[in-house]
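Participant: no sequence for this one, just the structure:
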């Protein structure tokens, strides 16, 4: 009989991986009051950043945790990164290459009516310290230069052995483990979870450098496909003086060869060039067969490896994974919800990963390597992909089979499984987005005060924090018209009801991630019973009456 391992520490959640997705997971958990330990084998962020564009939805999530002021957003109306084919940066440019066929450059930042955010053009190594500092401020235990040596799970939790750079080892016992350990994910491999998708594409080598090339950005182009004899690749900017050159092939080059390659890509020899670092990338598109096994969950590249694309489907998809998983882990760890709620993570996020996988190969950027099936996939509007995706799971009641996987927000009308629509309102004299009011706890949104008492009764009975949001007296989160919303309170009420797909006597149950779980178009005979049934099912309530 083996000797029982006595852990050095017991924690609710262990996160493995300190990149964008791991840090986001730790941040979102800490923000929800869940003690979390994160381990990352490197000492700091990679000096060779990959992600640089962050979508409006990602910025909505970071806004929720109070980071709006620290992340400069792109001006309203600026487009998704624009691309041209060039002989060199200073040489001949060809026609612009669209992201969407037959359409002008799709806007990366939605209209003001769709989101309070516009997205950000910020390098990964600039964003990671912001996430790290905020997570630390909220109480997260972040352990850099610490690696996961091994882990084992049982019905009650996960035992993990950790090792620091000094060789010292410790053991932690966690209720749950989140694997954000990259596309190679030793944790996924240990779990025996397979992957499917387009598959491996090619190896790319890259060099990060600094040079004064701002004059070539004046036309609004930021990505340049290089085509010249002996040099095929991509040149792009991080918008902070740094540039990235990526070339196909797995060839080692010394500093002189790298410098000459950069000079050829620029097309000039009269500039000062500082070589910063190099990298090796494996371009692939693979989705894990399952996003979890037992008490271990995959997030980010461990769950879905996607090639760089102007849709921003890599890191952004992973950060959305983290937000989805964090509220569910928080609900289960607090005892509000039964562990069955965690099953909805895979049900909701894996279809989104596949949707984005297919959109990458449906578009011109990867058309040359798309399979016949991938070429038949219809392109979905960018705003629909970012802000109008649909969730289907046991945590959503009434998402009809006739509904598409994504629509522009204005085309939804409060259907369960969709994100609450953004509207500018005032609460307590402060101008806020409706999203600011619904992404923390369960919320019952209604324009009829008769739902309020029923909601309070049900929340107390189920042991779940349930607030109400409305435009009439008696609501715990009463709002009035903002300066950009209709000045007439009655018009505001009609607008909010239309956005939620309810009448003025109806109600909509919103989850802690801002997605609608259920709605009652009108007041039923017993509103308390209706709320209890809906909340009990959608939240997988641990206490059922």
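Facilitator: Received it, and whenever you're ready, just let me know what you need. What you see is a predicted model; the values in this text were computed from it and never measured.
Participant: Next SSE downstream of the helix or strand hosting residue 59?
Facilitator: Residue 59 is part of helix 56-64 when elements are defined by DSSP states H and E. Using DSSP H and E, the helix or strand that follows helix 56-64 in sequence is strand 83-86.
Participant: Which residues does that next one contact?
Facilitator: 92-97, 99, 221-227, 235, 310, 365 (Cβ atoms under 8 Å, 6 or more residues apart in numbering). Bear in mind the C-beta positions are built from the backbone N, C-alpha and C, glycine included.
Participant: List the residues that contact the most centrally placed residue in the chain.
Facilitator: With distances taken as Cα atoms, centre = their mean, residue 320 lies nearest the centre of the chain, 2.4 Å away. Counting by Cβ under 8 Å, 6+ apart, residue 320 makes contact with 57, 58, 61, 349, 352.
Participant: Dihedrals phi and psi, residue 43?
Facilitator: In terms of degrees, to the nearest 10, the main-chain angles of residue 43 are phi -70, psi -30.
Participant: tell me the contacts of it?
Facilitator: Residues in contact with residue 43 (Cβ under 8 Å, 6+ apart) are 144, 145, 165.
Participant: Which ones among these map onto strands?
Facilitator: residue 144 (DSSP state E).
Participant: Out of the contacts of residue 43, which is nearest to residue 511?
Facilitator: residue 144 (32.9 Å; Cβ to Cβ).
Participant: how many neighbours does that closest one have?
Facilitator: 16 (other Cβ atoms under 10 Å).
Participant: If it is in a bridge, with which residues?
Facilitator: Judged by DSSP bridges, the bridge partners of residue 144 are residue 40.
Participant: Might one say that it is in contact with residue 22?
Facilitator: No: here residue 144 lies out of contact with residue 22, judged by Cβ atoms under 8 Å, at a distance of 11.2 Å.
Participant: any residues in contact with both of the two?
Facilitator: residue 40.
Participant: what's downstream of the helix or strand encompassing residue 316, the next helix or strand?
Facilitator: Residue 316 is part of helix 315-333, with elements assigned from DSSP H and E. Note on helix 315-333: by DSSP H and E, the next helix or strand toward the C-terminus is helix 343-362.
Participant: Thought residue 461 was touching residue 536, still the case?
Facilitator: No: taking contacts as Cβ under 8 Å, residue 536 lies outside contact range of residue 461: 9.3 Å.
Participant: The closest residue to residue 348 other than its chain neighbours in helix, strand or coil?
Facilitator: Closest residue to residue 348 apart from its sequence neighbours, by Cβ to Cβ, 6 or more residues apart in numbering: residue 391 at 4.4 Å. In three-state terms, and counting by DSSP: H, G, I helix; E, B strand; the rest coil, residue 391 is coil.
Participant: who's in contact with residue 391?
Facilitator: 348, 399, 417, 418, 515.
Participant: how about the helices of the stretch 151-300 of the chain, start to end?
Facilitator: 186-191, 255-266 (DSSP state H, counting those that start in this stretch).
Participant: if we can go back for a sec, turn the contacts of residue 43 into a markdown table, columns for pLDDT and distance to residue 127.
Facilitator: A markdown table is the format used below for the contacts of residue 43 (pLDDT from 0 to 100; distance: Cβ to Cβ, whole Å):
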| residue | pLDDT | distance to residue 127 |
| --- | --- | --- |
| 144 | 95 | 16 |
| 145 | 95 | 21 |
| 165 | 88 | 25 |
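Participant: Among the contacts of residue 43, which one sits closest to residue 135?
Facilitator: Using Cβ to Cβ, the contacts of residue 43 come closest to residue 135 at residue 144, 12.1 Å.
Participant: What residues does that closest one make contact with?
Facilitator: Residue 144 neighbours (Cβ under 8 Å, 6+ apart): 18, 40, 42, 43, 44.
Participant: elements contacting the helix holding residue 59?
Facilitator: With contacts taken as 3 or more Cβ pairs under 8 Å, 6 or more residues apart in numbering; DSSP states H and E, helix 56-64 sits against helix 20-31, helix 315-333, helix 382-387.
Participant: Let me know the angle separating the longest one from helix 56-64.
Facilitator: In this structure, helix 315-333 runs at an angle of 40 degrees to helix 56-64, with axes from the mean of the first three to the mean of the last three Cα atoms, to 10 degrees as the basis.
Participant: of all the contacts of residue 144, which two lie farthest apart?
Facilitator: Longest span within the contacts of residue 144, Cβ to Cβ: 18 and 43, 9.9 Å.
Participant: Which element, helix or strand, includes the residue lying closest to residue 463 once chain neighbours are set aside?
Facilitator: Nearest non-adjacent residue to residue 463, counting by Cβ to Cβ, 6+ apart: residue 543, 4.5 Å away. Under DSSP H and E, no helix or strand contains residue 543.
Participant: dump the residue contacts of residue 543.
Facilitator: Here residue 543 is in contact with 461, 462, 463 (Cβ under 8 Å, 6+ apart).
Participant: hang on, the earlier thing: pLDDT value on the residue nearest to the centre of the chain, please?
Facilitator: Residue 320 is assigned a predicted lDDT (pLDDT) of 98.
Participant: picking up where we left off before, got the angle between the helix holding residue 59 and helix 20-31?
Facilitator: Going by the same axes, to 10 degrees, helix 56-64 makes 40 degrees with helix 20-31.
Participant: now helix 56-64: how far from the chain's centre is it?
Facilitator: Chain-centre distance of helix 56-64: 9 Å, with Cα atoms, centre = their mean, to the nearest Å.
Participant: How about stretch 528-535?
Facilitator: The answer for stretch 528-535 is 30 Å, by Cα atoms, centre = their mean.
Participant: same thing with stretch 340-347?
Facilitator: That offset, for stretch 340-347, works out to 17 Å (Cα atoms, centre = their mean).
Participant: For it, buried residues please.
Facilitator: Buried residues in stretch 340-347, counted by 16 or more other Cβ atoms under 10 Å: 341, 342, 343, 344, 345, 346.
Participant: residues contacting the closest residue to the second one other than its chain neighbours?
Facilitator: Put plainly, it is residue 342. Spatial nearest neighbour of residue 342, chain neighbours left out: residue 328 (5.5 Å); criterion: Cβ to Cβ, 6+ apart. By Cβ under 8 Å, 6+ apart, the contact list for residue 328 reads 337, 341, 342, 344, 345, 395.
Participant: could the residues you listed be laid out in a markdown table, adding distance to residue 140 and pLDDT?
Facilitator: Compiled in a markdown table, those are given as follows (distance: Cβ to Cβ, whole Å; pLDDT from 0 to 100):
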| residue | distance to residue 140 | pLDDT |
| --- | --- | --- |
| 337 | 22 | 97 |
| 341 | 22 | 98 |
| 342 | 20 | 98 |
| 344 | 24 | 98 |
| 345 | 20 | 98 |
| 395 | 25 | 97 |
